[in-house]
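[1] dropping a prediction and its sequence here:
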Amino acid sequence: LYKRHECPSKGRHLVATQNIEKDSLIFVERPLLSLQSLGNAHKGALVCRHCRAFVGGPDLCLAIACGRISRNGVWDYVKEKQKVKAEEETCFMVPCRNDCGEIFCSKDCEEEMWCCGGHELMCTGLIPEPLTQTNDESSEKSDDQLRDQ
């Protein structure tokens, strides 16, 4: 379908080796890094941690943005909505398997992020207490003393 080329004027690029029909999928490339903008996150937009698709629907995002519910109250809100509406009418959301607070749009995204995206290593759901506790001995030493050790 295509082959890779490299030249000084165009850099690395692909060249078709045959006619390609319009709207054909040529290849899929995953981003090395993907982040939700802070402004978007602070205003209540909920997105899948893996694929960055919006989750929860506009009513949930508006409720967060207006302050009717906190981000910590998302799951209570979703459960309440599911009691009122049929399950297929609510926007599907999947929590992290360890309840760390991350949200996914599907079980597939949760599994992919767990196995291949590094969430297994970064998940804070199993940490019993915050990592702000210090050893009494080290807290009394200055930064210079700790560096010299």
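    In hand now; what should we look at?
[2] from C105, how far off is the most centrally placed residue in the chain?
    Here the mean C-alpha position of the chain is nearest to the C-alpha of R49 (Cα atoms, centre = their mean), at a distance of 1.5 Å. Distance of R49 to C105, given as Cβ to Cβ, to the nearest Å: 9 Å. C-beta: built from backbone N, CA, C; applies to glycine.
[3] lowest-confidence helix or strand of the chain?
    Every helix and strand in the chain was compared by mean pLDDT, DSSP states H and E; the lowest is helix 136-140, with a mean of 50.
[4] pull the lengthiest helix in the chain out as CSV, backbone CA atoms only.
    Secondary structure of the chain per DSSP state H: the longest helix is helix 74-84. In CSV, the C-alpha atoms belonging to helix 74-84 read as follows (Å, rounded to 0.1, in the frame of the first residue of the first chain):
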residue,chain,number,x,y,z
VAL,A,74,-20.0,11.8,40.2
TRP,A,75,-20.7,8.2,40.9
ASP,A,76,-23.5,9.0,43.3
TYR,A,77,-25.0,11.2,40.7
VAL,A,78,-24.7,8.5,38.0
LYS,A,79,-26.3,5.9,40.2
GLU,A,80,-29.2,8.2,41.0
LYS,A,81,-29.7,8.9,37.2
GLN,A,82,-29.7,5.2,36.4
LYS,A,83,-32.5,4.6,38.9
VAL,A,84,-34.6,7.2,37.0
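[5] I'd like to know which elements that helix is packed against.
    For helix 74-84, the packing partners by 3 or more Cβ pairs under 8 Å, 6 or more residues apart in numbering; DSSP states H and E come out as helix 57-65.
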